[in-house]
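> Dropping a prediction and its sequence here:
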Amino acid sequence: MARAKQLPPFDFEATVAKLVAELKQSWLLKRTKLKPLGVPASAQEAILERLQREGFEPIKGGLRLPLAQQWNALLDEQEVLGGPLAKKFKGATAKEVKALLENQLKGKQVYRVLRGKVEAYTRHGDRVLTPQELRVLATLTQTLQKAARAKPVPMTLLREDLRELLLDLLAPGEPQGTPAQETADLEDRVVEACRRMTRPDMGLCFIPDLVRALLDQAPLAAIHGALRKALHQERIELRPESGLNRLTPEELRLCPEGPMGTRYSWARLREARP
């Protein structure tokens with residue numbers, strides 16, 4: 001009479017390690033897979049409880065990799081993630097995925113972007129437009145639509161006006177993660193420097209001198225951005241240099257770009273003097 005084949009003794013810890021690796025790779029472990037993976041019925045409940053203590057989330061009929069970890073893995077794989085997101089998660093309902101995304105958006109851990117007609121998500125704030133840049137583009141779109149739809153004959157735009165709008169878009173606004181108060185402080189320092197350095201005989205401030213005075217406090221791009229912001233808030237006027245050959249290469253570098261290839265080299269204070 002042939003002996004029944006003896007199964008090797010069940011190794012609880014080795015099985016836990018194997019299932020942890022399985023969950024990290026497939027993100028989902030259904031209870032029905034335990035028996036084919038060599039887990040006897042008598043140990044299945046203990047195995048599931050142990051895996052929960054290892055950090056995996058219980059769901060109906062099994063366990064899953066926590067949704068936050070699934071989300072990070074998806075974003076690591078694709079810097080900009082679009083398409084039907086609920087189908088990309090394992091063991092999650094559409095309601096759970098929606099709640100996860102809402103929390104991520106509220107915490108500014110991720111940004112929702114529109115690519116054509118498709119919504120997508122990215123965690124890279126440097127790749128998205130700031131609210132200020134969106135406002136500039138919205139204004140430009142409205143202006144273009146108004147001109148194109150004008151009757152009885154369509155209107156158009158001056159090239160220098162369009163250039164100004166685009167320069168506003170490209171000029172540094174408030175960087176992601178920079179407090180609004182810090183940006184406002186720099187703008188105030190720019191206006192105060194303009195007041196302090198205005199030449200009495202001209203009523204104007206030479207911008208290269210103003211920029212040099214602030215370079216130890218902020219980078220050049222930020223100072224140029226503060227000058228433009230003060231301009232649009234009508235705290236100062238910026239005037240282009242009539243002849244660029246009058247400026248040295250260093251002075252040209254310090255002057256923000258103006259319309260039609262010119263450079264703003266002079267500023268005039270519009271605020272009332274104390």
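That came in fine, so what should we check first?

> For stretch 67-78, give me every contacting residue.
Stretch 67-78 is contacted from outside by 27, 57, 64, 81, 88-90, 92, 96-97, 100, 104, 110, 121-123, using C-beta atoms under 8 Å, 6 or more residues apart in numbering. In this view, the C-beta of every residue, glycine as well, is placed from N, C-alpha and C.

> Recalculate using a threshold of 10 Å.
By C-beta atoms under 10 Å, 6 or more residues apart in numbering, the residues outside stretch 67-78 that reach it are 24, 27-28, 55-57, 64-66, 81, 85, 88-92, 96-97, 99-101, 103-104, 109-110, 120-124.

> Contact partners for Thr15?
Contacts for Thr15 (C-beta under 10 Å, 6+ apart) come out as 34, 37-40, 43, 47, 50.

> give me the beta-bridge partners of Leu238?
Beta-bridge pairing for Leu238 (DSSP bridges): Ala267.

> Any figure for the gap between it and Cys194?
Plainly put, Leu238 is 10 Å away from Cys194 if you go by C-beta to C-beta, to the nearest Å.

> which one of those two has more residues nearby?
Cys194 (23 against 18; other C-beta atoms under 10 Å).

> Show me which residues of the helix or strand hosting Ala46 are buried.
For Ala46, the enclosing helix or strand under DSSP states H and E is helix 41-53. Buried residues in helix 41-53, defined by neighbour count with 16 or more other C-beta atoms under 10 Å: 47-48, 50-51.

> could I get these as CSV with pLDDT and distance to Ala17?
CSV is the format used below for those (pLDDT from 0 to 100; distance: C-beta to C-beta, whole Å):
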residue, pLDDT, distance to Ala17
Ile47, 91, 11
Leu48, 93, 15
Arg50, 93, 11
Leu51, 93, 11
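
> rewinding a little: could you dump the helix holding Ala46 to PDB, C-alpha only?
Extracted in PDB, the C-alpha atoms of helix 41-53 (Å, rounded to 0.1, in the frame of the first residue of the first chain):
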ATOM      1  CA  ALA A  41      -7.600  27.100   5.900                       C
ATOM      2  CA  SER A  42      -6.600  26.900   9.600                       C
ATOM      3  CA  ALA A  43      -4.000  29.600   9.200                       C
ATOM      4  CA  GLN A  44      -5.700  31.900   6.800                       C
ATOM      5  CA  GLU A  45      -7.400  34.200   9.300                       C
ATOM      6  CA  ALA A  46      -4.100  34.600  11.200                       C
ATOM      7  CA  ILE A  47      -2.200  35.300   8.000                       C
ATOM      8  CA  LEU A  48      -4.700  38.100   7.000                       C
ATOM      9  CA  GLU A  49      -4.500  39.600  10.500                       C
ATOM     10  CA  ARG A  50      -0.700  39.600  10.400                       C
ATOM     11  CA  LEU A  51      -0.700  41.300   6.900                       C
ATOM     12  CA  GLN A  52      -3.000  44.000   8.300                       C
ATOM     13  CA  ARG A  53      -0.500  44.700  11.000                       C
END
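
> Need the mean per-residue confidence for the following helix or strand past it.
Next helix or strand after helix 41-53 toward the C-terminus (DSSP H and E): strand 57-59. Averaging pLDDT along strand 57-59 yields 93.

> Please parse the chain into its domains.
12-64, 67-127, 171-269 (automatic domain parsing).

> Quick check: which of those domains is buried the most?
Most buried of these, by mean neighbour count (mean count of other C-beta atoms under 10 Å): domain 171-269, with a mean of 16.
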